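# need a structure here:
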Amino acid sequence: MADASRKIRVLVAKPGLDGHDRGAKVVARALRDAGMEVIYTGLRQTPEMIVEAALQEDVDVVGLSVLSGAHMTLVPRITALLRERGADDVLVLVGGIIPDHDIPALQAAGVARIFGPGSSTADIVRFIQEQVGDAAASGAVRVAR
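So this is what the prediction gives:
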């Protein structure tokens, strides 16, 4: 959990076989420029690799970029693994091509917010700052559902 004495830590990951990472790199740079500490895992990460990296890096946020269409398999697996490993206070965000009809299921799996094509990096930064900063200030724990 972030506190006032350290930067917000964000893991940006590309789960699955999707080989397109320009958007993930743009978001990672915007988060870094906003003063966050960003860890980018690179392409073709398994859910297990992503969760292990999130735990090792003690991150506050996991940002997943999914353009492959495998979001309904990969994202719920990642949120379930985070819960199983005791990291249910990690804020999970998803970016990419996500059909509207899949959004409720992803939210039910524990995704806090989905940022589709055309989302502003300023909106992503603001959302993270509000969610992580508010939880840190109040001492609250975010629980993935």
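# what residues are up against the most centrally placed residue in the chain?
Using CA atoms, centre = their mean, the residue of the chain that lies closest to the mean C-alpha position is residue 63, 2.1 Å off. Shown in contact with residue 63 (CB atoms under 8 Å, 6 or more residues apart in numbering): 10-13, 24, 27, 31, 93-95, 124. In this view, the C-beta of every residue, glycine as well, is placed from N, C-alpha and C.
# so which of those is the closest to residue 105?
residue 94 (11.6 Å; CB to CB).
# what bridges to that closest one?
residue 64, residue 114 (DSSP bridges).
# out of the contacts of residue 63, flag the one nearest to residue 73.
residue 94 (12.9 Å).
# circling back: mind checking which of the contacts of residue 63 are in helices?
Taking DSSP state H, the ones among the contacts of residue 63 that sit in helices are 24, 27, 31, 124.
# next one, pLDDT for the second one please.
Put plainly, it is residue 27. We have a pLDDT of 96 for residue 27.
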